[in-house]
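S.K.: give the three-dimensional model of this entry:
(one chain, ligands or ions: 1)
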Amino acid sequence: MTTLITWHENDPDQPLFHSSNRDDIRVELDLHGVRYEHHVPVTIDLSASSEDILQAHGELVDAISTDENYVTVDIARLHPVDSDEWRSTALAARQKFLNEHTHDDDEVRYFVDGSGIFYLHIGQKVHAVLCTAGDLLDVPANTTHWFDMGSQPDFVAIRFFKVDDGWIGNFTGNDIASRFPDFDTISQSVAASA
Ligand SMILES: [Fe+2]
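M.R.: Residues are numbered from 1 along each chain as shown. Next comes the predicted model:
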């Protein structure tokens with residue numbers, strides 16, 4: 001279930017805002033210049049190739065790309081497999097963007113399936129956006145943030161890009177991410193309260 005939790009940057013124990021209402025989430029994120037939209041998920045076979053998944057979302061991809069002048073799209077996906085090789089791939093993928101960073105380009109993700117949490121550190125607040133199927137989130141260029149896909153990454157997301165190499169992470173060195181509830185903690189708590 002899509003959820004937004006906001007805390008003061010120094011108080012990860014006391015949420016200032018907590019909602020799973022998509023309209024409220026959109027309005028709240030818009031106040032901070034962050035685009036959030038929900039689209040009715042397209043029914044697809046998750047074993048389909050990335051090319052077929054992109055093709056199935058052609059109309060949506062065109063609409064989003066034209067709005068913001070995104071020039072390239074691709075698919076990022078991870079599905080749990082019971083093997084040591086997969087666990088080490090998943091761990092490396094998770095660690096990559098688990099520390100606070102920025103990008104020169106917008107970081108735009110449309111969740112076809114599964115989930116992940118973007119933590120946006122804007123001003124003195126941290127906004128955790130648990131994205132699920134049908135969610136589009138646009139993290140503006142140079143926004144400090146981190147991303148947690150959890151200990152068992154399971155998602156298919158369409159990525160949109162404006163510039164080559166714009167998605168390289170510029171790490172801030174701030175260890176703030178380690179002080180906030182992670183994907184596993186938040187997703188389990190949201191599932192328990194549903
Ligand atoms: Fe990022």
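S.K.: for stretch 46-57, the distance to its chain's centre please.
M.R.: Chain-centre distance of stretch 46-57: 19 Å, with CA atoms, centre = their mean, to the nearest Å.
S.K.: again with stretch 45-55
M.R.: On CA atoms, centre = their mean, the centre of stretch 45-55 falls 20 Å from the chain's centre.
S.K.: average model confidence for that stretch?
M.R.: The predicted model gives stretch 45-55 an average pLDDT of 92.
S.K.: which helix is the longest one in this protein?
M.R.: helix 84-96 (DSSP state H).
S.K.: who touches that one?
M.R.: 78, 80, 148-153, 169 (CB atoms under 8 Å, 6 or more residues apart in numbering). Yep, even glycine has a C-beta here, placed from its N, CA and C like the rest.
S.K.: now swap in stretch 20-29 and tell me
M.R.: By CB under 8 Å, 6+ apart, the residues outside stretch 20-29 that reach it are 1-4, 6, 17, 19, 35-38, 127, 129, 137, 190, 194.
S.K.: rewinding a little: just the buried members of the contacts of helix 84-96?
M.R.: 78, 148-150, 153, 169 (16 or more other CB atoms under 10 Å).
S.K.: next secondary structure after the helix or strand of the chain with the lowest mean pLDDT?
M.R.: The helix or strand of the chain with the poorest confidence is helix 58-68; it has a mean of 86 (mean pLDDT, DSSP states H and E). For helix 58-68, the following helix or strand on the C-terminal side (DSSP states H and E) is strand 72-78.
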